[in-house]
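Chemist: Give the three-dimensional model of this entry:
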Amino acid sequence: MIEAAREGDLPGIHSLLDRLHLPLAGVDEHVATMLVARHCGQIVGTAALEMYADGALLRSVAVEPRQQGKQLGHQLTEAALQLAATQGAKTVFLLTTTAERFFPRFGFEPISRDQVPASVRASVEFQSACPASASVMRKQL
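Modeler: You can find the predicted model right below:
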């Protein structure tokens, strides 16, 4: 059900992220480290990683509302963390405005923006896609 995304999945990913009011900026550049969940051939979930010199940025964790409550977000997050580890990341960071209570169950802890390495802070997510009020979290792998 969860698999690597392909270029052809981008329209479905864009549609899902747009419906859930998540940023689209920079998504297309990270298809190689993006995962999708399918149900009856339709994309019903996604999670993406942006790989940087000093860690990975987890972004675009989204589940179609009618599929929520089925542990799909949990499975996508776990799969993304496994992918980060196989890509050699030692630390995973994320920004969120709505899921501060979801990610601690995976070992993420709140941190300040100045604790994020410069290579990760240079991402579109940190520079413009997410508001300055977004919570920043970190997980050591």
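
Chemist: which residues does the most centrally placed residue in the chain bridge with?
Modeler: Central residue of the chain (Cα atoms, centre = their mean): Arg59, 2.2 Å from the mean position. According to DSSP bridges, the residues that bridge with Arg59 are Ala48.

Chemist: In the chain, which helix is the longest?
Modeler: helix 72-86 (DSSP state H).

Chemist: Show me which parts of that one are buried, residue by residue.
Modeler: Leu72, Gly73, Gln75, Leu76, Thr77, Ala79, Ala80, Leu81, Leu83, Ala84 (16 or more other Cβ atoms under 10 Å). Heads up, the C-betas are built off the backbone N, CA and C, glycines and all.

Chemist: Flag every buried residue along stretch 43-60.
Modeler: In stretch 43-60, counting by 16+ other Cβ under 10 Å, buried: 43-52, 55-60.

Chemist: what's the span of that stretch from first residue to last?
Modeler: End-to-end distance for stretch 43-60: 13 Å, by Cα to Cα, to the nearest Å.

Chemist: on that earlier part again, contacting residues for the residue nearest to the centre of the chain?
Modeler: Pro23, Val27, His30, Ala48, Leu49, Glu50, Leu94, Leu95, Glu125 (Cβ atoms under 8 Å, 6 or more residues apart in numbering).

Chemist: how much space between it and Leu49?
Modeler: Computed with Cβ to Cβ, to the nearest Å, the distance linking Arg59 and Leu49 is 8 Å.

Chemist: What of Leu57?
Modeler: 7 Å.

Chemist: would you list the contacts of Arg59 in CSV and tack on secondary structure?
Modeler: Shown next, in CSV, are those (DSSP: H, G, I helix; E, B strand; the rest coil):
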residue, secondary structure
Pro23, coil
Val27, helix
His30, helix
Ala48, strand
Leu49, strand
Glu50, strand
Leu94, strand
Leu95, strand
Glu125, helix
